[in-house]
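Undergrad: okay, structure incoming, though there's no sequence with it:
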């Protein structure tokens, strides 16, 4: 007899109790057995998103939010025992599905520009909500990530983190998590829909922006991995375009901005190396041969060396 994952078992129970019809199952349970996310329909034919095993803090935009660039769905039902929520279904397409070149280093310009604008708006509206500091896994990730680089680089990474300890300890900035192309919706009215909001919280400045680029590193492929200088030049343009999108009422000089972005990049490199070492599913999928894994590690190391020079 097969044993159902806890997330699936809870989903089936809730479908019955809430008189909902299952329309589509998303891939959450494939990666996290205790959770499940699906599209459902109630007896009136209205669609909802049923999230089992996790939920957004019910005090965070329970009635949703519609801003100039950002839309956050309303919470219809939320429960602490069992843990689940029934959330407004937002019509739209995942950013990754709308991207003409999903394996490129960065999203296409129209999507990227909207991500920038939504990021800055989120910095403002997030401060209006009772967000809580989120647990950081940086130290744990660091220990395993360092096993994939040379002793000299290990020392340099540790020195950089120690030098900028105050930055990483200042977890007072709104972060959506995940701010990536498979967790953001492009809506018909030109706004960006925030979905998968269970881990909204406070983290270090710019945490969200790293999710725009680092998951794409794995998808870029061997040709891109062989040319780190090309990527670095493109990252410099990305950094300049992002700063240029900053609203005039946000006080942040370019030097401080650049430093913060490079610190965020450092954490994303560490995170990528951790995923490789732990053989996380997406890393295993894209780095499915010894050659691909070796070229990816070589490329990541070159990116790390450049970033450390910027910081130290």
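TA: Good, I have the coordinates. All values derive from a computational prediction rather than experimental measurement.
Undergrad: domains in this structure, by residue range?
TA: The chain breaks down by automatic domain parsing into domains covering 6-91, 94-311.
Undergrad: make TSV out of those domains and add mean neighbour count.
TA: C-beta: built from backbone N, CA, C; applies to glycine. Output for these, formatted as TSV (neighbours: other Cβ atoms under 10 Å):
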stretch	mean neighbour count
domain 6-91	16
domain 94-311	16
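Undergrad: JSON lines for those domains, including mean pLDDT?
TA: Converted to JSON lines, these look like this (pLDDT from 0 to 100):
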{"stretch": "domain 6-91", "mean pLDDT": "94"}
{"stretch": "domain 94-311", "mean pLDDT": "92"}
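Undergrad: can you pull out the strands in the stretch 101-250 of the chain?
TA: Remark: strands assigned in the stretch 101-250 of the chain by DSSP state E, counting those that start in this stretch are 173-175, 184-186, 192-194, 201-203.
Undergrad: strand partners (parallel or antiparallel) of the third one?
TA: Its sheet considered, strand 192-194 pairs with strand 70-72 (parallel), strand 184-186 (antiparallel) by DSSP bridges.
Undergrad: format these as CSV; extra columns: distance to residue 110.
TA: What follows is these, written out as CSV (distance: least, Cβ to Cβ, whole Å):
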stretch, distance to residue 110
strand 70-72, 17
strand 184-186, 9
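Undergrad: for residue 229, find the nearest of those.
TA: Smallest distance to residue 229 across the strands paired with strand 192-194 (Cβ to Cβ): 29.5 Å, for strand 184-186.
Undergrad: list the contacts of stretch 286-301.
TA: The contact list for stretch 286-301, computed with Cβ atoms under 8 Å, 6 or more residues apart in numbering, reads 148-149, 153, 217-219, 222, 224-226, 228, 231, 269, 272-273, 276.
Undergrad: from those, which single one is nearest residue 30?
TA: Nearest member of the contacts of stretch 286-301 to residue 30, counting by Cβ to Cβ, is residue 218, at 16.9 Å.
Undergrad: what's the closest non-adjacent residue to the closest one?
TA: In space, and not counting its chain neighbours, residue 218 is closest to residue 286: 4.0 Å by Cβ to Cβ, 6 or more residues apart in numbering.
Undergrad: before we move on, back to that, could I get the strands of the stretch 101-250 of the chain as a markdown table with distance to residue 43?
TA: Formatted as a markdown table, these follow (distance: least, Cβ to Cβ, whole Å):
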| stretch | distance to residue 43 |
| --- | --- |
| strand 173-175 | 37 |
| strand 184-186 | 26 |
| strand 192-194 | 25 |
| strand 201-203 | 35 |
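Undergrad: and residue 38, what does it touch?
TA: The contact partners of residue 38, by Cβ under 8 Å, 6+ apart, come to 11, 22, 23, 24, 25, 26, 49, 50.
Undergrad: the nearest residue to residue 271 once chain neighbours are set aside and residue 173, how far apart?
TA: Spatial nearest neighbour of residue 271, chain neighbours left out: residue 141 (5.8 Å); criterion: Cβ to Cβ, 6+ apart. The gap separating residue 141 from residue 173 is 20 Å, by Cβ to Cβ, to the nearest Å.
Undergrad: do residue 64 as well
TA: According to Cβ to Cβ, residue 64 and residue 173 sit 22 Å apart.
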